[in-house]
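> The following block contains a protein sequence and its predicted model.
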Amino acid sequence: MEWIIVSLASLLAGFVDAVVGGGGLVLLPALFATFPNAPPATLMGTNKGTAFWGTGIATWQYSRRVQIPWQAMLPAAAAGFAGAFAGAWTVTVISADFLRRLLPLVLLLVLAYTLIKKDLGRHHAPRLAGRAQTLVACAIGLVIGFYDGFFGPGTGSFFVFLFVRLLGYDFLNASVSAKLLNLATNVAALILFAAKGHVWWHFALPLAVANVVGSVLGAHMALKHGTGFVRGIFIFVVSALILKTGYDAFLR
């Protein structure tokens, strides 16, 4: 029964993550609920060991159909990798508790802005090019990468929102670029967790298969239905994140 529950959660997580990010919102709570006595670091490491494969497949799938601005996004992915390492190290030194109460408020602002700006992310009209685009993308990668290593929830959604707001991407193109950066931050976190023995590989590898299936389905739906579909899923995921993080911060 444990395998069935977490495998279904991994399938759904792969689908959500491929469309707009936020798969951890599904799989991580399922792991904590199914294995309440396991060390949190081990469950988080297992989640990263699972999500890495789905995100990687989604990135490859998208790159075949949507033009990724590699000259900007590869340096940004490297910055995200470095940021995630720095964030993961920092959380070993200071507590992330203050973010727990701040996060739902920040997400609420993101949701409100997205709903108010009806045309936000509906049209792909990049505002920057060349070095300027690369520098802004690297700044996004470094800051959100650090956040992912330090705390984590909503990383994919923050990547998508900032690419839409700052670079002028539509939601589909923003999601594609976010996948590449999220892959880099996942790799950084996975290396750290694996080095400390905090990955249940006997769970992570089978769950990765389910995650990849969900990821393929999610990427297919996003490519088929386009920006409007991705925007709708983005609003749903951010709303769910607000409820989850708000509960964790103020009610638990």
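Ah, there it is.
> quick one: contacts of stretch 225-240?
16, 19-22, 25, 107, 110-111, 114-115, 121-122, 124, 154, 157, 160-161, 170-172, 175, 221-222 (CB atoms under 8 Å, 6 or more residues apart in numbering). Any C-beta I mention is one placed from the backbone N, CA and C, and that applies to glycine too.
> next one: stretch 175-182
Stretch 175-182 has contacts (CB under 8 Å, 6+ apart) with 17-21, 55, 58-59, 62-63, 66, 68-69, 73-74, 76-77, 80, 137, 140-141, 144-145, 148, 155-156, 159-160, 163, 169, 222, 230, 234.
> repeat for stretch 163-170
Residues contacting stretch 163-170 (CB under 8 Å, 6+ apart): 113, 120-128, 133, 136-137, 140, 171, 173-174, 177-178, 227.
> quick one on the thing from earlier: any of the contacts of stretch 225-240 buried? List them.
Among those, the ones that count as buried by 16 or more other CB atoms under 10 Å are 16, 19-22, 25, 107, 110-111, 114, 121-122, 124, 154, 157, 160-161, 170-172, 175, 221-222.
> OK, contacts around residue 84?
Counting by CB under 8 Å, 6+ apart, residue 84 touches 145, 146, 148, 149, 184, 185, 188, 189.
> Is residue 157 within a helix or a strand, and which one?
Per DSSP states H and E, residue 157 falls inside helix 155-167.
> Just the CA atoms of that helix, as CSV, please.
Extracted as CSV, the C-alpha positions of helix 155-167 are listed here (Å, rounded to 0.1, in the frame of the first residue of the first chain):
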residue,chain,number,x,y,z
THR,A,155,10.7,27.4,-6.4
GLY,A,156,9.3,26.5,-9.8
SER,A,157,6.5,29.0,-9.5
PHE,A,158,8.9,31.8,-8.5
PHE,A,159,11.1,31.0,-11.6
VAL,A,160,8.1,31.1,-13.9
PHE,A,161,6.7,34.3,-12.4
LEU,A,162,10.0,36.2,-12.6
PHE,A,163,10.6,35.1,-16.2
VAL,A,164,7.2,36.3,-17.1
ARG,A,165,7.4,39.6,-15.1
LEU,A,166,11.1,40.6,-15.7
LEU,A,167,12.0,39.0,-19.0
